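Novice: For reference, the sequence and a predicted model appear below.
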Amino acid sequence: MAPGFKKVIIVGAGPAGQLLGLLLAKYGIPTTIVEQSTDLDANPRATHYGPPAMKILNLAGVGEDLRTRGFAPDTVAWRQRDGTFITGISHGILKDDPERITALPLNQLGKLLLEHGKKQPLLEYLFNHRVTAIGQDELQAWVDVEHAETKETSRMTADYIVGCDGANSIVRRSLFGDWEFPGKTWDEQVIATNVYYDFAKYGYSDANFIVGPEHWHMASKITKDGMWRVSYGQLPALKLEEVTEQLPEKFRTMFPGHPGPDQYKLVSMSPYRIHQRLAKQMRVGRFLLAADAAHLCNPFGGLGLTGGIVDVGGLYECLVGIYDNKADSDILDVYSRVRREKYQQIIDPMSSDNLKRMFPADPDNVMETDEFFKVCKKAETDTELRLKMIKDSHNMSYDFTQHYR
């Protein structure tokens, strides 16, 4: 039986785009990834891959390398401003489970995916190519691309084109308009930093959420050699130079031990605004959206990263079904509907609650007022409940193969 289509183009060589390209190429589907930059993004972004994400990374054949280069965090803790432990969830119960949460900076995952992708003869990378226009008809879809240096333009065609090109997605903006990305932007600005500092010396867990009205932040170990991600809230009106100038005092105030600049090593810093947004659709004809191109949420809890990878896994199942003639193209409408519902029902409310939990109205009495904390406290001594809480993260997934013929 002839394949249901011949080729896929993916716009964006971020982890989501590369992961989808790797999965499709390994299955035997010719795929091209178009990326406007000359290299992969090196900015400090997300770092933790929850069980649903690890399931898909394992499927792509990169899970073992990811675990080797990264590490498996144990306890995720919430703490008072002075570091006092409130409650936490230990993932050690999963032991050597290949779907156990794993930490590795996102830019390092990008490099790992590139290493695997370059070995696939059916996966082509086109860096330094900017998409300038898109279009489609009954037979195919296309993107017009411009080479950043030569300015030469060409038209590339495929059966399906997937926008994995991030929050400022040219594919989404071309489909719906530049300002059509429903949702909201939080008032808070987040400063993501990578820093070497011995938090463990002060009794900190592998991942820590410090709650409070002013100096709320997250401090999580993200590499085996002791680099930590510290993300903290800052006034939205502050410019980069002001954030940089205030950072030493902010670290001195937030960090246990109140260190000066000579007592830690700042590797990188990246300020950004945070959003809760969802595209009106994740399919328009032969064009599809996934990950940040389709939806955004704040980073506290890692639901944006894990949710984006789960998008990729679902879209992979749908495209494989069409390719193998086991599903009609309308399975992509199911993809759009289900992934939007998962965002609306799980990712958006949970991530929003995670952020609001960072600055409670009454930080001294959160155990009495926060129902989530009460459940976590019970799970500290209830193994069955703790395992259920961890496994419940798979609720954001969906088996699209049930729609195969």
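Specialist: Received the coordinates, thanks.

Novice: Kindly provide the distance from Gly70 to Arg273.
Specialist: Distance from Gly70 to Arg273, counting by C-beta to C-beta, to the nearest Å: 27 Å. Glycine gets a C-beta too; all of them are placed from N, C-alpha and C.

Novice: neighbour count winner among the two?
Specialist: Gly70 (21 against 14; other C-beta atoms under 10 Å).

Novice: is it true that the more buried one touches Thr223?
Specialist: Yes - between Gly70 and Thr223 there is a contact at 7.4 Å, judged by C-beta atoms under 8 Å.

Novice: helix/strand/coil for the closest residue to Glu180 other than its chain neighbours?
Specialist: Spatial nearest neighbour of Glu180, excluding adjacent residues (C-beta to C-beta, 6 or more residues apart in numbering): Lys280 at 6.7 Å. Secondary structure, DSSP: H, G, I helix; E, B strand; the rest coil: Lys280 is coil.

Novice: quick one: Lys280 and Gly183 touch, right?
Specialist: No - when contacts are counted by C-beta under 8 Å, Lys280 is not listed as touching Gly183 (10.8 Å).

Novice: Strands of the stretch 201-350 of the chain, residue ranges please.
Specialist: Along the stretch 201-350 of the chain, counting by DSSP state E, counting those that start in this stretch, strands occupy 207-210, 217-221, 227-234, 265-278, 283-284, 287-289, 295-296.

Novice: how about TSV for the ones you listed, with distance to Arg386 and mean pLDDT added?
Specialist: Putting these into TSV (distance: least, C-beta to C-beta, whole Å; pLDDT from 0 to 100) gives the following:
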stretch	distance to Arg386	mean pLDDT
strand 207-210	15	96
strand 217-221	19	95
strand 227-234	24	93
strand 265-278	28	93
strand 283-284	38	98
strand 287-289	35	98
strand 295-296	29	98
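
Novice: would you turn those into a markdown table with distance to Gly92?
Specialist: Shown next, in a markdown table, are those (distance: least, C-beta to C-beta, whole Å):
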| stretch | distance to Gly92 |
| --- | --- |
| strand 207-210 | 13 |
| strand 217-221 | 14 |
| strand 227-234 | 20 |
| strand 265-278 | 28 |
| strand 283-284 | 40 |
| strand 287-289 | 36 |
| strand 295-296 | 31 |
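
Novice: what about those, which gets the closest to Pro349?
Specialist: Comparing the strands of the stretch 201-350 of the chain against Pro349 with C-beta to C-beta, the closest turns out to be strand 265-278 (9.5 Å).

Novice: Quick check, Asp50 in contact with Gly302.
Specialist: Not quite, residue 50 is Gly, not Asp. Yes - the criterion here is C-beta under 8 Å, and Gly50 meets it with Gly302 at 6.0 Å.

Novice: In contact with Ala148, which residues?
Specialist: Gln36, Thr38, Asn128, His129, Arg130 (C-beta atoms under 8 Å, 6 or more residues apart in numbering).

Novice: most neighbours, which of the residues you listed?
Specialist: His129 (23 neighbours).

Novice: Quick check: beta-bridge partners of that residue?
Specialist: Taking DSSP bridges as the rule, His129 bridges to His147.

Novice: Contacts only, for it.
Specialist: Residues in contact with His129 (C-beta under 8 Å, 6+ apart) are Val34, Glu35, Gln36, Val145, Glu146, His147, Ala148.

Novice: Recalculate using a threshold of 7 Å.
Specialist: Contact analysis of His129 by C-beta atoms under 7 Å, 6 or more residues apart in numbering lists Val34, Glu35, Gln36, Val145, His147.

Novice: could you check the distance from it over to His147?
Specialist: 6 Å.

Novice: and if you look at Gln263?
Specialist: On the measure of C-beta to C-beta, Gln263 and His147 end up 47 Å apart.

Novice: And Ile274, by the same measure?
Specialist: From Ile274 to His147 the distance is 34 Å (C-beta to C-beta).

Novice: of those two, who's got more company?
Specialist: A side-by-side neighbour count of Ile274 and His147, using other C-beta under 10 Å, places Ile274 first with 22 against 13.

Novice: ok, and the closest non-adjacent residue to the more buried one?
Specialist: The nearest residue in space to Ile274 (C-beta to C-beta, 6+ apart) is Asn298, at 4.2 Å.

Novice: what residues are up against that neighbour?
Specialist: Trp186, Ile274, Gln276, Ser351, Leu355.

Novice: now the residues you listed in CSV, with distance to Gly313?
Specialist: CSV is the format used below for those (distance: C-beta to C-beta, whole Å):
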residue, distance to Gly313
Trp186, 28
Ile274, 25
Gln276, 22
Ser351, 19
Leu355, 25
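
Novice: which stretches of the stretch 101-250 of the chain form helices?
Specialist: 106-117, 170-176, 240-254 (DSSP state H, counting those that start in this stretch).

Novice: Of all those, which one comes closest to Ala293?
Specialist: When the helices of the stretch 101-250 of the chain are ranked by proximity to Ala293 (C-beta to C-beta), helix 170-176 comes first, at 5.3 Å.
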